[in-house]
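*Asks:* sequence and predicted model, in that order:
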Amino acid sequence: MNSQYGHGGRGGPYNNQAASSISHSRGSKLKISAQDLMCKNNCGHYGNEVQEGYCSVCYKLYKQQQQLRQQQYAESPRDNDSFNIFGRSAISSGFATIPKAAKLSFDSLSSPLSGFAKFEEKKRHQAGHKSKSFRSVFRKSPTPSPSKSPDLKATSSKERPSSASSTPNHLGSSSPKMSPQRPQDTEKEQIRNEINTFLLQFPKQIVHDVVVKVKQCEAELTRACRTSNMAVEEISDIAQDFYRNFKGKVDMVPCYQSMTADDKELLMDLIEKYLTISLYKELFSPINTTTDDEDKDLLLQNRIRSLNWITCKHLDVILNERDQQVRDYVFQSINAIIGMDSVKPPQEKLLCITQCSHRILEALGMSKQAPTSADDFLPTLIYIVIKANPTRLQSNINFITRFCNASRLMSGESGYFFTNLCCVVSFIQNMKGESLSMTEEEFEDYVSGRTIPSESWDNYFSESLHSMEEMSNDLIEMKSRHDDFIRNVDVLRKNMQQKQEWVSKQVNVILKRTPLTFKLRKVPTNIDDEDVCSSQPSLPAPLQPVVISKLVKDVNLEPNKEPPPVTPTSTTTELRSSSDRPNSEDNCSNSNQDITATEIQSASQKSEIEIPVALEQEESRDIRGADQVLSSQMSLTDEFLSAEEKSGSEEETFYNEKKVESEAEKSSE
Amino acid sequence: MANRAAPGSATNQQQQQQQPAATRSNNGAPQNKVCQFKLVLLGESAVGKSSLVLRFVKGQFHEYQESTIGAAFLTQTVMLDDITVKFEIWDTAGQERYHSLAPMYYRGAQAAIVVYDITNQETFARAKTWVKELQRQASPNIVIALAGNKSDLAAKRMVDHDEAYAYADENGLLFMETSAKTAMNVTDIFLAIAKKLPKGEQTSAQGTAQGRRITDADQAPRSTPNCCK
């Protein structure tokens, strides 16, 4: 494990060191000052490039040291194969063996002068990236010559201790974002490590082959980039041919049979990544060659800027921009497409496009309750690109087209979305009035900025306006609910009235059926009254109270009737006493009869009111009760209504207030 | 850990080197040959292109729950005898204003389905222009299928079946009336395309690769001895 990372990471510190030494002596380097020809040990003698920049004495010492280290190194259980892996071989072949000053001429494979001229030209163009171009110039040696292999081992062994100590560091900074100072360096290191780690699992032969092929291609591309008047298409052809040939080779050559199809894919990806990262500066909108990518970028950017008035409506985009989540997706997709410029390998650029497209599809999925088709997707992508106006869009598209494996662009999801993006650019460039279903004059007016459409981007972004709109929507909804409520209250009131009418009608019916008649009040019977019977004239015959005691007395006194005049006083007293008794009896029976009479009466009037007076009283009480209930209900409703009206008016005042507020906001906007 | 010079791996590799011919002759016609094809959907908007694909890929009509996936780009594999045909389906925007962009989509496509709506005569006319354009501009051996969609709405039919059939016959197109709603003929049309597609395509691609490899091999001796020795 340790050895693996030690090897993989070795290039990093060395490279940085080299770069810093270059930048340190940059001023003199361009002229190859005498100082640069001196021995590296600063012993005062001239150095020699064959002796790695040392004078003969120092070189001898150096060699001895190297051998010593090499021996130590050989003792350690280290796999020598990884020497041939990228970075190392590049450095060893290109860098370490040659004194600094002589390297340029050696490397460029042309005369030193032309190399310098090229370099100066490059320097002028890429003022900010001198060290990078230097390195790229140095590093690409066309073919590592076999004679250099001892040097290779020597340098690597020489560098070993420092690399070993810096390994953790290097691993730590493997993320390109973590070291802001030299992002390209880190990226290069990272991809180099990635390839190295990946290749470690394969046989030596494959590793050799891959390294050689890739180096070869890299050198070829570098050379092509530095050849003036080389059309970028030709450079692209070199890369594409390499991809194709290499893929063919990987598929066909027997030694690659041990790799799985996935591994092959990954290998192709890694190689593509490596080439494009390490040559990004040269390949991305190349300046030396006859491209006008940058001009096209500017044109496209200005074109998109002139179209920034376009809204969803113009393109029939169905995005529901009111929804917060949809807007989030829209912003995410805009971020993704803008982020495309900041990543280097074409694959990662494609990944940005794919991410952007996925966000768009998600946003569309939320806006529409149906599967998203290209009919919806393409207009939305156009809209997003117009709103995002990604930097160097044309250059990025060209870069992907030229240096991404062509087979990837023709198929697969990323290929599909990339095609869509190309379509979008083409559409934007050729956009006319009719493409937005408006007249040419209108379109021209908008493009030139003479007229501004009512809805614009600001409208979309302005948070307060948006919230105002939301609020007014809420108010509209509230109003409609309020109207609903009022309508329901009306219905309720009507129902209540109907109920009231119905109840009063019922009452009338009942009243008609059982008219209110007032009977005489019952007068308590005077027990002492002689004429009991006359006091109850209404009673029918059988119920007519009869004074029984009198009859009994009569019967009893019948034998004594003949001599009535004999004892008139006693008889009278008797009579009086007897009449006294029966009278009470009579009274009793009378009351009994009275009850039976009422019972009969009630029986006869079963369905009718039983005891008229009482019933009538009761009924009237009932009616009064119903009336009371009704009136209380009515009063309740009235109260309710008045409360509602109050709340309604409150709502209205709230609405009015909001309106005032929103108007104020509008005016302030 | 990663010692690739391990004897085991080396012998393995040698073994593999010794019998490449044998393995290749065995795998020359593998049991599970996978062919990947790019298929483009063309047709006026709202003729049901995406519904057709969704029915084919997901077996459903109106997929509300998975709407976020979208039907713009989908893949589906079809087993045809002992060959696995993988369709990569590219949907295109059908609106007239995007018509000029279509060549970008059907570039490199091996198959195309031109969809029209049988209840709309205009979409059929538009389909005819698509077919004409494909025959003129797409790759010459592209397989074109004509699909009269919404055949479940036969009551509102405006495009005669026989007329469309005659047209397809004349132009050498596959023709079927489909219904994404009832799934009628949906899988059938894709299967018919899969059958008609040249399966030797893969081998022909290998052939070209081989052809290139020879030129590659010319360069190889120059470089390989330098490094491998």
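*Replies:* Done, it's in.

*Asks:* export the helix or strand harbouring A:Val211 to PDB, keeping only CA atoms.
*Replies:* Element membership for A:Val211 (DSSP states H and E) is helix A:204-226. In PDB, the C-alpha atoms belonging to helix A:204-226 read as follows (Å, rounded to 0.1, in the frame of the first residue of the first chain):
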ATOM      1  CA  LYS A 204       3.300  -5.100 -16.800                       C
ATOM      2  CA  GLN A 205       2.800  -5.400 -20.500                       C
ATOM      3  CA  ILE A 206      -0.400  -3.400 -20.400                       C
ATOM      4  CA  VAL A 207       1.100  -0.700 -18.300                       C
ATOM      5  CA  HIS A 208       4.000  -0.300 -20.600                       C
ATOM      6  CA  ASP A 209       1.800  -0.200 -23.600                       C
ATOM      7  CA  VAL A 210      -0.600   2.300 -22.200                       C
ATOM      8  CA  VAL A 211       2.100   4.500 -20.900                       C
ATOM      9  CA  VAL A 212       3.900   4.500 -24.200                       C
ATOM     10  CA  LYS A 213       0.900   5.100 -26.300                       C
ATOM     11  CA  VAL A 214      -0.400   7.900 -24.100                       C
ATOM     12  CA  LYS A 215       3.000   9.600 -24.000                       C
ATOM     13  CA  GLN A 216       3.200   9.300 -27.700                       C
ATOM     14  CA  CYS A 217      -0.200  10.800 -28.200                       C
ATOM     15  CA  GLU A 218       0.500  13.500 -25.700                       C
ATOM     16  CA  ALA A 219       3.700  14.400 -27.400                       C
ATOM     17  CA  GLU A 220       2.000  14.400 -30.800                       C
ATOM     18  CA  LEU A 221      -0.700  16.700 -29.500                       C
ATOM     19  CA  THR A 222       1.700  19.000 -27.900                       C
ATOM     20  CA  ARG A 223       3.700  19.200 -31.100                       C
ATOM     21  CA  ALA A 224       0.600  19.800 -33.000                       C
ATOM     22  CA  CYS A 225      -0.500  22.600 -30.700                       C
ATOM     23  CA  ARG A 226       2.800  24.300 -31.100                       C
END
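
*Asks:* ok, then the element right after it?
*Replies:* Following the chain from helix A:204-226 toward its C-terminal end, the next helix or strand by DSSP H and E is helix A:232-252.

*Asks:* give me the buried positions along that following helix.
*Replies:* When neighbours are counted by 16 or more other C-beta atoms under 10 Å in any protein chain shown, the buried residues of helix A:232-252 are found to be A:232, A:235-236, A:238-240, A:242-252. Where you see a C-beta, it was placed from the backbone N, CA and C, and this is true even at glycine.

*Asks:* now for that helix, which elements pack on it?
*Replies:* Helix A:232-252 is packed against helix A:204-226, helix A:261-278, helix A:393-403, helix A:406-410, helix B:201-228, with contacts defined by 3 or more C-beta pairs under 8 Å, 6 or more residues apart in numbering or on different chains; DSSP states H and E.

*Asks:* now do it, average pLDDT.
*Replies:* Mean pLDDT, computed over helix A:232-252, is 86.

*Asks:* what do you get for stretch A:377-397?
*Replies:* 91.

*Asks:* is chain B within reach of that stretch?
*Replies:* Yes: using C-beta under 8 Å from any C-beta of the partner chain, stretch A:377-397 comes into contact with chain B via A:377-379.

*Asks:* by neighbour count, which of those residues wins?
*Replies:* For the residues of stretch A:377-397 next to chain B, neighbours were counted using other C-beta atoms under 10 Å in any protein chain shown, and A:Leu378 has the most, 27 neighbours in all.

*Asks:* just checking, that one touches B:Tyr98?
*Replies:* Yes: A contact is recorded between A:Leu378 and B:Tyr98 when judged using C-beta atoms under 8 Å, the distance being 6.0 Å.

*Asks:* give me the common contacts of these two.
*Replies:* Residues touching both A:Leu378 and B:Tyr98 (C-beta atoms under 8 Å, 6 or more residues apart in numbering or on different chains) are A:423, B:92.

*Asks:* re earlier: angle of the helix holding A:Val211 against helix A:261-278?
*Replies:* 30 degrees (axes from the mean of the first three to the mean of the last three C-alpha atoms, to 10 degrees).

*Asks:* quickly check: helix A:204-226 near chain B or not.
*Replies:* Yes: Helix A:204-226 is in contact with chain B by C-beta under 8 Å from any C-beta, via A:204-205, A:207-209, A:211-213, A:216.

*Asks:* show me where chain B has its helices.
*Replies:* Listed from the start of the chain, chain B has helices (DSSP state H) covering B:7-18, B:20-27, B:49-58, B:102-106, B:121-137, B:161-170, B:186-196, B:201-228.

*Asks:* for stretch B:141-158, list every residue counted as buried.
*Replies:* Going by neighbour count (16+ other C-beta under 10 Å), the buried part of stretch B:141-158 is B:142-151.

*Asks:* quote the end-to-end distance of it.
*Replies:* Using C-alpha to C-alpha, to the nearest Å, the end-to-end distance of stretch B:141-158 comes to 31 Å.

*Asks:* was I right about A:Leu283 contacting A:Thr401?
*Replies:* No: with contact taken as C-beta under 8 Å, A:Leu283 and A:Thr401 are classed as non-touching, separated by 11.8 Å.

*Asks:* settle it for me: which of the two has more neighbours?
*Replies:* Comparing A:Leu283 with A:Thr401 by neighbour count (other C-beta under 10 Å), the higher total belongs to A:Leu283, at 24 against 15.

*Asks:* quick one: neighbours of the residue nearest to that one when sequence neighbours are not counted, just the number.
*Replies:* On the basis of C-beta to C-beta, 6 or more residues apart in numbering or on different chains, the spatially nearest residue to A:Leu283 that is not a chain neighbour turns out to be A:Phe403, at 5.7 Å. When neighbours are defined as other C-beta under 10 Å, A:Phe403 has 25 of them.

*Asks:* my read is that A:Phe403 contacts A:Ala239, right?
*Replies:* Yes: taking C-beta under 8 Å as the contact criterion, A:Phe403 and A:Ala239 are neighbours in contact, 5.2 Å apart.

*Asks:* list residues touching both of the two?
*Replies:* Taking C-beta under 8 Å, 6+ apart as the criterion, A:Phe403 and A:Ala239 both touch A:275, A:283.

*Asks:* low-confidence stretches in chain B?
*Replies:* With pLDDT under 70 as the threshold, chain B has low-confidence stretches at B:1-31, B:60, B:62-69, B:200-229.

*Asks:* about what we covered before: pull out the buried residues from the residues of helix A:204-226 next to chain B.
*Replies:* In these, burial by neighbour count holds for A:204-205, A:207-209, A:211-213, A:216, counting by 16+ other C-beta under 10 Å.

*Asks:* nearest to chain B, of these?
*Replies:* A:Val212 (4.3 Å; C-beta to the nearest C-beta).

*Asks:* distance of the closest one relative to A:Arg223?
*Replies:* The spacing between A:Val212 and A:Arg223, counted by C-beta to C-beta, to the nearest Å, is 16 Å.

*Asks:* number of nearby residues for the spatially closest residue to B:Ala168 that is not a sequence neighbour?
*Replies:* Closest residue to B:Ala168 apart from its sequence neighbours, by C-beta to C-beta, 6+ apart: B:Phe175 at 3.4 Å. Applying the criterion other C-beta under 10 Å, we find 20 residues in the vicinity of B:Phe175.

*Asks:* go on, A:Asn229?
*Replies:* Look at A:Asn229: counted by other C-beta under 10 Å, it has 8 neighbours.

*Asks:* and for B:Leu191?
*Replies:* Taking other C-beta under 10 Å as the criterion, the count of residues near B:Leu191 is 16.

*Asks:* quick check: it touching B:Met79?
*Replies:* No: if you go by C-beta under 8 Å, B:Leu191 and B:Met79 don't touch, sitting 9.7 Å apart.

*Asks:* picking up where we left off before, mind giving me the packing neighbours of the helix holding A:Val211?
*Replies:* Using 3+ C-beta pairs under 8 Å, 6+ apart as the contact test, the elements touching helix A:204-226 are helix A:88-91, helix A:183-199, helix A:232-252, helix A:261-278, helix A:280-283, helix B:201-228.
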